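# could you look at this predicted model? Sequence included:
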Amino acid sequence: MKANRDSLKTQGALRGSELCKKLGYVFKQPQLLQRALTHRSYAPEHNERIEFLGDSILGCVIAKHLYSSYPQLSEGELSRLRSSLVREETLAALAQQLDLGSHLRLGEGELKSGGFRRPSILADVLEALFGAVFLDGGFADAERVVLDLYVPYLENVDVRTLGKDAKTLLQEYLQSKRIPLPVYSVIDTQGDAHAQSFQVECVIPSLKISARGTGTSRRIAEQQAAQAAYQQLPARQ
């Protein structure tokens with residue numbers, strides 16, 4: 001039994017070392033890293049309080065970076081961009097880049113249900129890591145770790161459209177070209193009232209564009225249809 005425990009500790013230390021290398025940060029207090037990687041299903045001493053702290057650190061770092069890097073953007077545009085960068089989807093994608101799922105400490109139930117792949121858990125643990133770095137090394141180190149992840153991400157996205165939904169993007173394009181706005185129509189509804197599926201058509205007559213989308217609500221179906229129509233637009237740049 002002791003040999004097994006020692007082996008698990010060694011494996012955990014190696015995984016922690018690999019993660020630190022990816023983060024570009026070595027913890028002076030390894031227990032903070034361990035706490036950040038611990039889900040509440042695993043132990044009473046879990047990462048939720050550190051996650052709370054990391055969420056605030058992330059928001060501050062991103063706001064500061066956007067303010068300095070994009071002087072041409074308005075307050076509303078900066079807010080939209082920040083919201084997109086700190087949302088669960090973005091955090092989970094960055095967590096996957098770090099392979100955080102393989103480092104998590106999860107209870108048996110979460111392991112069996114695939115918790116190491118769940119976006120909400122991955123997003124939470126990344127925020128907890130930011131909080132742990134702050135507690136271990138201070139704001140400057142936490143800022144560097146955050147930006148090392150986010151700056152390459154920002155270089156590969158269009159900040160003009162990031163965070164905007166498909167209907168908004170489509171509307172803005174059409175308005176900029178003085179083209180009449182699209183018409184959305186529900187063309188099919190299936191299923192019982194509590195589990196309906198909608199099919200919506202988005203039509204832009206002047207461009208001879210027609211696209212369809214489906215979803216569990218009319219709103220979702222409209223977004224899907226708008227996305228499909230947006231992809232058909234000529235020269236979106």
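Looks like it arrived, so ask away.
# identify the residues contacting the one helix or strand residue 49 maps to?
In this assignment (DSSP states H and E), residue 49 forms part of helix 48-69. Applying Cβ atoms under 8 Å, 6 or more residues apart in numbering, the contact partners of helix 48-69 are 32, 35-36, 40, 73, 78, 81-82, 85-86, 124-132, 134-135, 139, 142-143, 146-147, 150-151. No exception for glycine: its C-beta is placed from N, CA and C like everyone else's.
# buried set for it?
Neighbour-count burial for helix 48-69 flags 50-51, 53-55, 57-58, 61-63, 65-66 (criterion: 16 or more other Cβ atoms under 10 Å).
# any low-confidence regions in this protein?
1-16, 235-237 (pLDDT under 70).
# spatially central residue for it, please.
Central residue of the chain (Cα atoms, centre = their mean): residue 90, 1.8 Å from the mean position.
# pull out the buried members of the contacts of helix 48-69.
In the contacts of helix 48-69, the ones that pass as buried (16+ other Cβ under 10 Å) are 32, 35-36, 73, 78, 81-82, 85-86, 124-132, 134-135, 142-143, 146, 150.
# check whether residue 119 really touches residue 88, as I assumed.
Yes: Residue 119 is within contact range of residue 88, at 5.6 Å (criterion: Cβ atoms under 8 Å).
# the helices in this protein, which residues?
Along the chain, the stretches classed as helices by DSSP state H are 2-23, 30-36, 48-69, 75-86, 88-97, 108-112, 119-137, 139-155, 166-176, 218-231.
# domain parsing of this structure, as residue ranges.
The chain breaks down by automatic domain parsing into domains covering 2-155, 166-231.
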